[in-house]
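[1] Build me a model from this:
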Amino acid sequence: MLTHWEHMKKRQIQAKLIEQGTSFRRWALDRGYQPRTVTQVVNRYAGGNVQPRGRLSFKILRDLSHEVGQEVVPGVMRGDV
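    Next comes the predicted model:
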């Protein structure tokens, strides 16, 4: 398990999705996102400490964090109820 200051990298997210029987592409399509956009957002932000600037990027990372059960970037799940 990752500590609170470590955030998931692309391969870790991908492994979690595979465990759940899906992929980045399938996950994106099932939620109405463009697969290429999801891949670009994950490549840019996953495993880092930089908050996304765009609303769509933030939403993708928040939704992915909920899907895999851990924050992909710090604070992306903060404020969720």
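[2] which one's the longest helix in this protein?
    helix 55-68 (DSSP state H).
[3] tell me the contacts of residue 41?
    52, 56-57, 60-61 (C-beta atoms under 8 Å, 6 or more residues apart in numbering). (C-beta placed from N, C-alpha, C; glycine too.)
[4] Now, of those, which are buried?
    Buried subset of these (neighbour count, 16 or more other C-beta atoms under 10 Å): 52, 57, 60-61.
[5] and those, which two are the farthest apart?
    Pairwise distances across these peak at 8.1 Å for 52 and 60 (criterion: C-beta to C-beta).
[6] Low-confidence stretches in this protein?
    Filtered on pLDDT under 70, the chain yields the residue ranges 1-6, 79-81.
[7] switch to 80 and redo it
    For the chain, the stretches flagged by pLDDT under 80 are 1-7, 78-81.
[8] before we move on, back to that, out of the buried ones among the contacts of residue 41, who's nearest residue 9?
    Distances from residue 9 to these, taken by C-beta to C-beta, are shortest for residue 61, at 13.0 Å.
[9] Double-check the closest one against residue 76; I have them as touching.
    Yes: in this structure, residue 61 is within contact of residue 76 by C-beta atoms under 8 Å, at 4.8 Å.
[10] Now list whatever residues contact both of those two.
    Shared contacts of residue 61 and residue 76 (C-beta under 8 Å, 6+ apart): residue 52.
[11] Make TSV out of the buried ones among the contacts of residue 41 and add distance to residue 70.
    Listed next are the buried ones among the contacts of residue 41 as TSV, based on distance: C-beta to C-beta, whole Å:
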residue	distance to residue 70
52	17
57	18
60	15
61	12
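[12] what's the closest of those to residue 34?
    Using C-beta to C-beta, residue 60 comes nearest to residue 34 of these, at 9.9 Å.
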